[in-house]
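1. Sequence first, predicted coordinates after that:
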Amino acid sequence: MSKDSFLPYGAPNHSSVKPVDLKNLKPYGDAMNDGRMQVNFTLPVEPSPEAQEAAAELMRKMGFVDVKIVDMQKASEGFSFFVGYGAINHSVDFTKITVLKVETVFKGFDEINELIRTKIKRKIRIIGATTGFDAHTVGLDAMFNMKGYKGDYGLERYPMIEAKNMGAQVPNIELLEAAIKMNADAIMVSQVVTEKDCHINNLKDLMVLADKHGWRDRFIFISGGPRLSHPLSVECGLDAGFGTGTLPSHVASYVVDELIRRLERKK
Ligand code: B12
């Protein structure tokens, strides 16, 4: 078996089980490489045999073969919900996929505090805000609050982190000035509203301001929000970006790793 193929987890190691082909990765339905998958969608028509056939035809137009509409339900007046099952012939070369991702290994609360104590040898300082017009604070609070999020303690709980949450609708310049005053190591910006790309414009404005004042390299710049990603954040000039499902320990892990990397580079 080559390095690009392996048996699925838990599969008995005998010849009847086809190995995963990473160079031609296909959905798994009933058997390896069968390309079978389930799709759900809604059509704005009442359930009927014609609606069912329309759903099947749409799936065939999407490239599915051996199509079966396995469920059709009235979703509301004039709408039908479908569950379709079919197979595709497309595959992707998993070995060629590269993703720009945050450079860190996620660690737990104790490990992070210990790393700060032993490698950075002082408390680290993190400041954060929701900037511009954006008033959504729940995500930012989830990162900062003592109680944290989904059982993961917030930054204020870490004995080795001094954390300051400035709250909502903070102008970029006020956040930067507060970061200078605090002598912060990292700045965390939350952006939830994305209407007219205001999240992108806000983040870019922040970085233009930081550049203008000569503060770009003074801080680790991090953004977060439901429609933010690491690549988008980097595109806006920041160092890292975090999206949905982020836990405080994720961002703390990154800050610590990045600070250690910067310390190593200075040596
Ligand atoms: C609660 C809420 C509000 C509350 C906010 C209260 C508060 N104190 O935050 C109120 C009622 C004030 C509000 C107002 C508005 N809202 Co609102 N709101 C929501 C709602 C229902 C939930 C958001 C939320 O709390 N999510 C829970 C948190 C935990 O998730 P999160 O933010 O994604 O955070 C996680 C990650 O993204 C990440 N993260 C977030 N920030 C950061 C930062 C860093 C540094 C890091 C590392 C990670 C990180 O970690 C978090 C945990 O994993 C959403 C809809 C929805 N279901 O999402 C709409 C929603 C965000 N609101 C929306 C809108 C349009 C508005 C208004 C403009 C409505 C209006 N016309 O007045 C106003 C805007 C006011 C303003 N000036 O910003 C839209 C945004 C659409 C868009 N794409 O732009 C949404 C999506 C609703 C919708 N479907 O239309 N809203």
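-> Sure thing, it's come through.
2. which bits of this protein sit near the ligand?
-> Counting by Cβ under 6 Å from any ligand atom, the chain comes close to the ligand at 128, 133-140, 142-143, 149, 188-190, 192-195, 222-226, 242-246, 251. All C-beta spots, glycine's among them, are computed from the backbone N, C-alpha and C.
3. 5 Å instead, please
-> Counting by Cβ under 5 Å from any ligand atom, the chain comes close to the ligand at 133-139, 142, 188, 190, 192-195, 224-226, 242, 246, 251.
4. In the protein, spot the helix with the most residues.
-> When the chain is parsed with DSSP state H, its longest helix is helix 248-266.
5. so Lys164 bridges to which residues?
-> Bridge pairing for Lys164 (DSSP bridges) gives the partners Ile127.
6. Ramachandran angles for Tyr149?
-> phi -150, psi 130 (degrees, to the nearest 10).
7. Would you agree it is in contact with Leu247?
-> Yes. Assessed by Cβ atoms under 8 Å, Tyr149 is found in contact with Leu247 at 6.1 Å.
8. Contact partners for the spatially most distant residue from the centre of the chain?
-> Each residue of the chain has a distance to the centre, and by Cα atoms, centre = their mean the biggest one is for Pro49: 40.6 Å. Contacts here follow Cβ atoms under 8 Å, 6 or more residues apart in numbering; on that basis Pro49 touches nothing.
9. just the one 10 residues further on next, same as before
-> The contact partners of Met59, taken as Cβ under 8 Å, 6+ apart, are Val39, Val67, Ile69, Gly84, Gly86.
10. So which of those residues sit within strands?
-> Val39, Val67, Ile69, Gly84, Gly86 (DSSP state E).
11. Of those, which is the nearest to the ligand?
-> Val39 (23.2 Å; Cβ to the nearest ligand atom).
12. doesn't Ile88 make contact with that closest one?
-> No. Taking contacts as Cβ under 8 Å, Val39 lies outside contact range of Ile88: 10.1 Å.
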